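In: Fold the following.
(chains A and B)
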Amino acid sequence: MENSADQKVRVRFAPSPTGGLHLGGVRTVLFNYLFAKKYNGQFILRIEDTDQSRFVPGAEQYILDTLAWCGLTPDESPIHGGAYGPYRQSERKPMYKQYASQLIEQGNAYYAFDTSEDLDAKRKEIPNFQYNRATRMSMKNSLSLPASEVTRLLNENTPYVVRINMPDSEELVFEDLIRGEVKFDTSMVDDKVLLKADGMPTYHLAVVVDDFLMKITHAFRGEEWLPSAPVHILVWKNLFGLDQMPKWAHLPLILKPDGNGKLSKRDGDRLGFPVFAMDWTDPNTNETTIGFKERGFLPEAFVNLLAMLGWNDGTDQEIFSLPTLIEKFTLDRVHKGGAKFDYEKAKWFNQEWIKQSDNAYLANLVAPYFETAKIEIHEPSYLVKVIGLVKERCQLLTDFIPQSAFFFTAPTEVDTASILPKWDPAKAAFFTSIMDAYVNEAVTNDATELETHFKALAAEQGLKPGDLMLPFRIMLVGGKFGPGVFDIVANIETKDAAKRIQYCLDLLSKN
RNA sequence: GGCCGGUUCGUCUAUCGGUUAGGACAGCCCCCUUUCACGGGGCAAAGACGGGUUCGAUUCCCGUACCGGCUACCA
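Out: Numbers count the residues shown, from 1 in each chain, chains lettered A, B, ... in the order given. Below you'll find the predicted structure:
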């Protein structure tokens, strides 16, 4: 995709601030970002807050935070500035009316005075009612009414909307970067509202005007927008000319894992996985919806998994860093079909990233979880060491808590039920002697030395080490999990181990 | 209903006319591991259907079916 110097690649993500950003939204950001960076272009964030009734305070900040977490920072946005502001549509309100007037003057749009009650009545009266060339003459608008009447209504400040005047039978064709040629017959499209009664543009007008004013060269959006493409193309044609229009690419949808349909927040609630990138608290209900971040996902993994939902580089490689994605990304390898979201696979991506991440890096990310779990970390380097020991058994960052808590505090719950069936006085005696050895510092805190000592002592007492390992592990960590036992003892140190043995011995003797 | 889009293992996907249709996740089995994992090996699993075009179709064309999206003064 070569482009001349004056045609610098500019793409945009244009969400409405109505709530949390879900998977599909972030993936649209990602593809925008990858494309922009790949071609040395710019990525713009534009807030589409034209619907005042759906505006949710905090949602814009949330979007900014999410992009920051993912590492997909815009070059221009409400807070990053840029030469094409403002970047909130509500602040661009005056710009739209002028273009709506231009369309009316050109005969490409018209005033419509129908109230929402009028429309409701019509829709009730006629099934599948469409405001289009077949019905518009029977409605109250500047096409059906005498000019004098229109002037009168306007002078009386009668509320009106501006509707696009869809031509009769015109074939509208455009080249979608992902789907190829897509055709529409204008007679099948209705007269969409371009400017609302409150003077705000609808998406249909705003997207065209802003893409033009912001010099957008490539417009990516979800597939759900495909049906309204003819409206946008027509507005482009009548306002700025088709040669100015950005190249469109309609991205496939992310589908729910079971059944069919677009993935929604509800599906996540129902199936027990996040759908939003980060925690989102609805300011009205105060309800918090869990996000991938808080669930314990690494941003690298989140971005990686999103990229693979609808794109691949043609090889078997699945793990990609953001810089590699930028390097490898091409639109012609983006799929046309939607992809069902698979949370198991998502976790696998995260596990892969945990395995290959630096221990100190992980320690920083995991530390807050320890804090909320009220586990104190006295020595940061100790945490780093522990992470190295347990990271390959963690899929999520949150797994580090149960997988390594025993390195910091003695287990409170001990699975004695797994020891009891094969427990006998000989074993009790053995652990008493191990405990004594530890208390008296007869062994150093070295894993191999501890193991040698343990086995020698077992042999001395005529016991098989294999019969002692499981009880020992349970005494130390509370259950059947964790790294090698002697690595654990070496790290928590013999004195602490002795206490845990004592505690467990007491528990067992009560049975 | 209408318009638009889509269709390869359960899931994500490779294949750009000729392959024993490959990989990954999940599942099952084995090895490694005196726990849980990691790792290694193996098994099972797919071209929606019907017509063309072609020496040859998963691949190109048409139709059917199925799935999805849209059909608001929401985006």
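
In: Over in chain A, which residue gets nearest RNA strand B? Let me know.
Out: A:Gly466 (2.2 Å; CB to the nearest atom of the strand). Every residue, glycine included, has its C-beta placed from N, CA and C.

In: Other residues contacting the helix or strand encompassing that residue?
Out: Per DSSP states H and E, A:Gly466 falls inside helix A:465-477. Contacts with helix A:465-477, where a contact means CB atoms under 8 Å, 6 or more residues apart in numbering, come from A:406, A:411, A:414-416, A:418-419, A:422-423, A:427, A:430-431, A:434, A:454-455, A:458-459, A:480, A:482, A:485, A:488-489, A:492, A:497, A:500-501, A:503-504.

In: still on that earlier bit, so how far is A:Gly478 from the residue of chain A closest to RNA strand B?
Out: As judged by CB to CB, to the nearest Å, A:Gly466 and A:Gly478 stand 21 Å apart.

In: residue boundaries of the helices in the stretch 251-400 of chain A?
Out: A:265-271, A:292-295, A:299-307, A:322-328, A:343-356, A:359-372, A:380-390, A:400-404 (DSSP state H, counting those that start in this stretch).

In: Burial-wise, tell me which of those helices comes out on top.
Out: Highest mean neighbour count among the helices of the stretch 251-400 of chain A (mean count of other CB atoms under 10 Å): helix A:299-307, with a mean of 24.

In: On the pLDDT front, check the residue minimising distance to the centre of chain A for me.
Out: Centroid-nearest residue in chain A: A:Ala277, 3.3 Å away (criterion: CA atoms, centre = their mean). If you check A:Ala277, the pLDDT there is 97.

In: ok, it - contacts?
Out: A:20-23, A:26, A:66, A:69-70, A:291-293, A:302.

In: which of these lies closest to A:Thr135?
Out: A:His22 (36.1 Å; CB to CB).

In: Show the contacting residues for the closest one.
Out: A:263-265, A:275-277.

In: And these, which two are furthest apart?
Out: The farthest-apart pair in those, when distances are taken by CB to CB, is A:Ser264 and A:Ala277, at 14.8 Å.

In: any chance of the contacts of A:His22 in JSON lines, with distance to A:Asp120 too?
Out: Shown next, in JSON lines, are those (distance: CB to CB, whole Å):
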{"residue": "A:Leu263", "distance to A:Asp120": "32"}
{"residue": "A:Ser264", "distance to A:Asp120": "27"}
{"residue": "A:Lys265", "distance to A:Asp120": "29"}
{"residue": "A:Val275", "distance to A:Asp120": "33"}
{"residue": "A:Phe276", "distance to A:Asp120": "34"}
{"residue": "A:Ala277", "distance to A:Asp120": "38"}
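
In: Just give me the neighbour total for A:Val29.
Out: Using other CB atoms under 10 Å as the criterion, A:Val29 is surrounded by 26 other residues.

In: so it sits right up against A:Phe13, yeah?
Out: Yes: assessed by CB atoms under 8 Å, A:Val29 is found in contact with A:Phe13 at 4.8 Å.

In: before we move on, the earlier item: now tabulate the helices of the stretch 251-400 of chain A in a markdown table and tack on mean pLDDT.
Out: What follows is the helices of the stretch 251-400 of chain A, written out as a markdown table (pLDDT from 0 to 100):
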| stretch | mean pLDDT |
| --- | --- |
| helix A:265-271 | 92 |
| helix A:292-295 | 97 |
| helix A:299-307 | 98 |
| helix A:322-328 | 97 |
| helix A:343-356 | 97 |
| helix A:359-372 | 96 |
| helix A:380-390 | 96 |
| helix A:400-404 | 96 |
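
In: Could you export those helices as a markdown table, including distance to RNA strand B?
Out: Below are the helices of the stretch 251-400 of chain A laid out as a markdown table (distance: least, CB to the nearest atom of the strand, whole Å):
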| stretch | distance to RNA strand B |
| --- | --- |
| helix A:265-271 | 11 |
| helix A:292-295 | 16 |
| helix A:299-307 | 9 |
| helix A:322-328 | 13 |
| helix A:343-356 | 4 |
| helix A:359-372 | 15 |
| helix A:380-390 | 8 |
| helix A:400-404 | 8 |
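
In: Is it possible to get a markdown table of those that adds distance to A:Tyr111?
Out: Formatted as a markdown table, the helices of the stretch 251-400 of chain A follow (distance: least, CB to CB, whole Å):
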| stretch | distance to A:Tyr111 |
| --- | --- |
| helix A:265-271 | 38 |
| helix A:292-295 | 47 |
| helix A:299-307 | 44 |
| helix A:322-328 | 47 |
| helix A:343-356 | 50 |
| helix A:359-372 | 56 |
| helix A:380-390 | 66 |
| helix A:400-404 | 62 |
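
In: buried residues in stretch A:235-245?
Out: By neighbour count on 16 or more other CB atoms under 10 Å, the buried set for stretch A:235-245 is A:235-240, A:245.
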